[in-house]
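*Asks:* Requesting a structural model of the entry that follows:
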Amino acid sequence: MGPLFRAFVAALALPLLLAACGDKEPEQRKAFIELLDQRVVTPAGVRLPKLNDEEKAKLGETYNAQFDIISNFHDSLNTTFAAIPKVMNNAALRKLDDLPASRKALEETRDVLRSAGAAMDTAEQKAIGARAALKQPEDLKTVYDKAFDKMITTPVAAARKLFGSGNAVIGDGLQLIDYLEANKDRVTFSGGALQARDPGARGEVNALLGKLNADSQKLAGDVQALNRIGRGQ
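*Replies:* Numbers count the residues shown, from 1 in each chain. Below you'll find the predicted structure:
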């Protein structure tokens with residue numbers, strides 16, 4: 001082998017060696033897998049860590065972007081859901097004689113729930129689309145999918161049930177209000193209770209109240225289910 005040929009081979013090998021020495025992907029992927037497993041998948045509850053600058057540097061640009069798919073979903077949903085507890089509390093049907101004055105609060109709550117549900121659907125589809133576009137090695141994909149399901153898929157499914165039962169309760173309340181306004185001569189309030197003046201009205205009122213109570217119980221159960229998911233129970 002002549003000196004020129006050896007120099008040519010050395011020149012070819014040098015960039016390859018430099019590239020290999022500068023390739024941080026394996027250690028960045030390892031750090032990302034450990035982060036997802038130890039701080040997202042394993043801990044109880046739906047809690048997403050906030051990464052500091054040092055942690056972000058360990059992940060690198062590619063894996064920070066993949067983490068952001070999940071964290072951006074949570075940031076958008078936290079903002080969207082912030083107003084729900086207050087409006088739900090304002091619309092709570094605590095006493096029957098409050099019903100006539102509750103229409104506006106019920107309608108406002110229905111609008112908030114619809115808006116929150118639409119925002120959740122949009123955020124979920126955006127996250128699903130972003131995940132589908134990823135090209136992940138199998139060792140990362142396995143733990144990433146677990147994190148995605150825990151932080152997005154499972155709580156979204158539970159929240160969707162809660163929105164459905166919440167809207168059902170609101171619809172029941174509005175239906176009862178409409179009935180009472182249309183039948184003032186047949187149904188009155190007495191001591192915080194409804195008094196029907198004929199058997200037909202009594203049956204209609206009982207049917208409306210029965211549906212409201214049943215849907216309210218389902219809503220309470222869906223709230224508890226979502227809370228359990230949030231706590232990791």
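*Asks:* Disregarding residues adjacent in the polypeptide, which is nearest to residue 80?
*Replies:* Setting aside the residues directly before and after it, residue 80 is nearest to residue 119 in space (CB to CB, 6 or more residues apart in numbering), at 4.3 Å. Just so you know, the C-beta spots here come from the backbone N, C-alpha and C atoms, and that holds for glycine as well.
*Asks:* quick one: contacts for the one you found?
*Replies:* Residue 119 is in contact with 76, 77, 80, counting by CB atoms under 8 Å, 6 or more residues apart in numbering.
*Asks:* now residue 218
*Replies:* 165, 168.
*Asks:* quick one: which helix or strand includes the residue nearest to residue 80?
*Replies:* Assigning secondary structure by DSSP states H and E places residue 119 in helix 103-132.
*Asks:* Could I get the average pLDDT for that helix?
*Replies:* Average pLDDT, helix 103-132: 92.
*Asks:* What lies in contact with the helix or strand just after it?
*Replies:* Sequence order places helix 138-148 as the next helix or strand after helix 103-132, per DSSP H and E. Applying CB under 8 Å, 6+ apart, the contact partners of helix 138-148 are 29, 32-33, 36-37, 40-41, 66, 69-70, 127, 131, 134, 136.
*Asks:* do the same with stretch 72-79
*Replies:* Outside of stretch 72-79, the residues within contact range by CB under 8 Å, 6+ apart are 48, 119, 120, 123, 124, 126, 127, 151, 152.
*Asks:* ditto for stretch 39-47
*Replies:* By CB under 8 Å, 6+ apart, the residues outside stretch 39-47 that reach it are 48-49, 70, 143, 146-147, 150-151, 155, 229-233.
*Asks:* quick one: the strands in this protein?
*Replies:* Secondary structure of the chain (DSSP state E): strands located at 187-190, 193-196.
*Asks:* and the last one, how far from the chain's centre?
*Replies:* What it means is strand 193-196. What separates the centre of strand 193-196 from the centre of its chain is 40 Å, taken as CA atoms, centre = their mean, to the nearest Å.
*Asks:* Check the first one too.
*Replies:* On the basis of CA atoms, centre = their mean, strand 187-190 sits 41 Å off its chain's mean C-alpha point.
*Asks:* contacts for that strand?
*Replies:* Strand 187-190 is contacted by residues 96, 97, 179, 180, 194, 195, 196, 197, 201, 205 when judged by CB under 8 Å, 6+ apart.
*Asks:* Could you give me the buried positions within that strand?
*Replies:* Under the neighbour-count criterion of 16 or more other CB atoms under 10 Å, strand 187-190 has residue 187 buried.
*Asks:* That one pairs with which strands, and in what direction?
*Replies:* strand 193-196 (antiparallel) (DSSP bridges).
*Asks:* list the contacts for the most centrally placed residue in the chain?
*Replies:* By CA atoms, centre = their mean, the chain has its centre lying nearest to residue 156, at 4.0 Å. By CB under 8 Å, 6+ apart, residue 156 lies in contact with 120, 124.
*Asks:* one step back: in terms of distance to residue 166, which of the contacts of strand 187-190 ranks first?
*Replies:* The closest of the contacts of strand 187-190 to residue 166 turns out to be residue 96 (CB to CB; 19.7 Å).
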